[in-house]
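**Q** please find the sequence and the predicted model below.
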Amino acid sequence: MYLPFEESKKWWKLRMGNIKIGIVGIGNCASSLIQGLEYYNNRDSNDSNGLMHWDIGGYKPFNIEVVAAFDIDKRKVGVDISEAIFTLPNCTTTFCSDIPKTGIRVSMGKALDGYSSHMADYDEDRTFILSDEKEPSKEDVVRILQESGAEMLLNYCPVGSEEASKFYAECALEAGVGFINNIPVFIASDPVWAAKFEEKGIPIIGDDIKAQIGATITHRTLVDLFEKRGVKLDRTYQLNTGGNTDFLNMLNRNRLASKKTSKTEAVQSVLGKRLDADNIHIGPSDYVPWQKDNKVCFIRMEGRLFGDVPMNLELRLSVEDSPNSAGVSIDAIRCCKLALERGIVGALLSPSSFFMKHPPEQYTDDVAYQYTEDFIAGKREN
């Protein structure tokens, strides 16, 4: 006898329990993630397009619950998460508008370097409005995480938020919760930080989340194709444009050092022989307001075939940026939960290599995929 889906879902939630998460930064990426949790709440394994895995260790997408949230925008602080995700300057596609009230209000976060001063020069509909609420101390954030029952904290601070990201990493350590670092600040891939999480007995996944089919994963795949087909890659570029607050934030080139390193190393790591710095250029590139959350990527690769005969490849990719990473986050969350259950601590090498651009250890995508499948199945500890 098979239960109807709704009854089966209730039974499964009771059996497995929910994975309770906290989120830092209720921007476009958080909006897509939370919309997705509700969207897949009404689906089953036969209707799970867009997910790499419906089931990870017994946990389905509907087993994930947001129990704490932090932001610094005046329009979001104090607002129920279900409303905050649709508040300006968020501009990502709304694919699930019917989000029930959660009762979880967005807490004031720590600003630090979580925003760039040049953004104050833009229209408020395109940028943030800094809240005048008192910023929390580390103890305040730790208390909120512990009282909420959060098991892990997801970092969605803007690119370049070095101090803010490290602040929240410290909060995760003190609260005893896992950490998923979705941005290009090097924490999981920094041996000093990784050791802190290992000493505390806490798992961490990072750094800088990949998209499902985005600029970096596509570029890596093409580079791997060149390698396997014996084509000598001489030079390549990847140029990206978008109109969300992340691209606006990245107009400040001083905030881009780690982002550029992350994206460049993700491509260089697939090459048998690294390209000279002058022969590889990987964005981000420019802010085009009317694109909103649509990201357009241009890739060019120049190489030599048999007999050193020249060839080149050009590709244009257009994707809605934030939903493109949300499904990857859902998998990262569930892998972090498995680590918590199995007592695996420190940087999770296999999931990080598959889900992140700048993991502690870079593998080819085929190897990273297999290692992650083995991790999920319990065949590989890390």
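**A** Received it, and whenever you're ready, just let me know what you need.

**Q** quick check: residue 215 touching residue 317?
**A** Yes. The criterion here is CB atoms under 8 Å, and residue 215 meets it with residue 317 at 6.4 Å. No exception for glycine: its C-beta is placed from N, CA and C like everyone else's.

**Q** which neighbours do the two share?
**A** Residues touching both residue 215 and residue 317 (CB atoms under 8 Å, 6 or more residues apart in numbering): 297, 299.

**Q** which of these two has more neighbours?
**A** residue 215 (28 against 17; other CB atoms under 10 Å).

**Q** where's the closest residue to residue 150 other than its chain neighbours relative to residue 107, distance?
**A** Nearest residue to residue 150 in three dimensions, chain neighbours excluded: residue 22, at 4.0 Å (CB to CB, 6 or more residues apart in numbering). Going from residue 22 to residue 107 by CB to CB, to the nearest Å gives 9 Å.

**Q** of the two, which one has the most company?
**A** A direct count of neighbours by other CB under 10 Å for residue 22 and residue 107 places residue 22 higher, at 28 against 21.

**Q** give the helix, strand or coil label for that one.
**A** Classification of residue 22 into helix, strand or coil gives strand, according to DSSP: H, G, I helix; E, B strand; the rest coil.

**Q** can you give me the neighbour number for residue 254?
**A** Applying other CB under 10 Å, we find 8 residues neighbouring residue 254.

**Q** the closest residue to it other than its chain neighbours: neighbouring residues, count only.
**A** Distances taken as CB to CB, 6+ apart put residue 160 closest to residue 254, at 7.4 Å, once the chain neighbours are dropped. Neighbours of residue 160 under the rule other CB under 10 Å: 26.

**Q** does residue 160 touch residue 260 like I think?
**A** No. Between residue 160 and residue 260 there is no contact under CB under 8 Å: 10.9 Å.

**Q** which helix runs longest in this structure?
**A** Longest helix in the chain by number of residues (criterion: DSSP state H): helix 323-342.

**Q** packing partners for that one?
**A** The elements that helix 323-342 packs onto, with contact taken as 3 or more CB pairs under 8 Å, 6 or more residues apart in numbering; DSSP states H and E, are strand 19-24, helix 28-39, strand 64-71, strand 152-155, strand 178-181, strand 203-205, helix 349-355, helix 365-377.

**Q** and that helix, what's its mean pLDDT?
**A** Confidence for helix 323-342, expressed as mean pLDDT, is 98.

**Q** can you show me the CA trace of it as PDB?
**A** Extracted in PDB, the C-alpha atoms of helix 323-342 (Å, rounded to 0.1, in the frame of the first residue of the first chain):
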ATOM      1  CA  PRO A 323      18.100  30.100  -9.200                       C
ATOM      2  CA  ASN A 324      21.100  28.600 -11.000                       C
ATOM      3  CA  SER A 325      22.900  28.000  -7.700                       C
ATOM      4  CA  ALA A 326      19.900  27.300  -5.400                       C
ATOM      5  CA  GLY A 327      19.700  23.600  -6.300                       C
ATOM      6  CA  VAL A 328      23.400  23.200  -5.600                       C
ATOM      7  CA  SER A 329      22.800  24.800  -2.200                       C
ATOM      8  CA  ILE A 330      20.000  22.300  -1.400                       C
ATOM      9  CA  ASP A 331      22.500  19.500  -2.000                       C
ATOM     10  CA  ALA A 332      25.300  21.200   0.000                       C
ATOM     11  CA  ILE A 333      22.900  21.600   2.900                       C
ATOM     12  CA  ARG A 334      22.000  17.900   2.900                       C
ATOM     13  CA  CYS A 335      25.600  16.800   2.600                       C
ATOM     14  CA  CYS A 336      26.500  19.000   5.600                       C
ATOM     15  CA  LYS A 337      23.700  17.300   7.500                       C
ATOM     16  CA  LEU A 338      25.100  13.900   6.700                       C
ATOM     17  CA  ALA A 339      28.500  15.000   8.000                       C
ATOM     18  CA  LEU A 340      26.800  16.200  11.300                       C
ATOM     19  CA  GLU A 341      25.100  12.800  11.600                       C
ATOM     20  CA  ARG A 342      28.200  10.800  10.800                       C
END
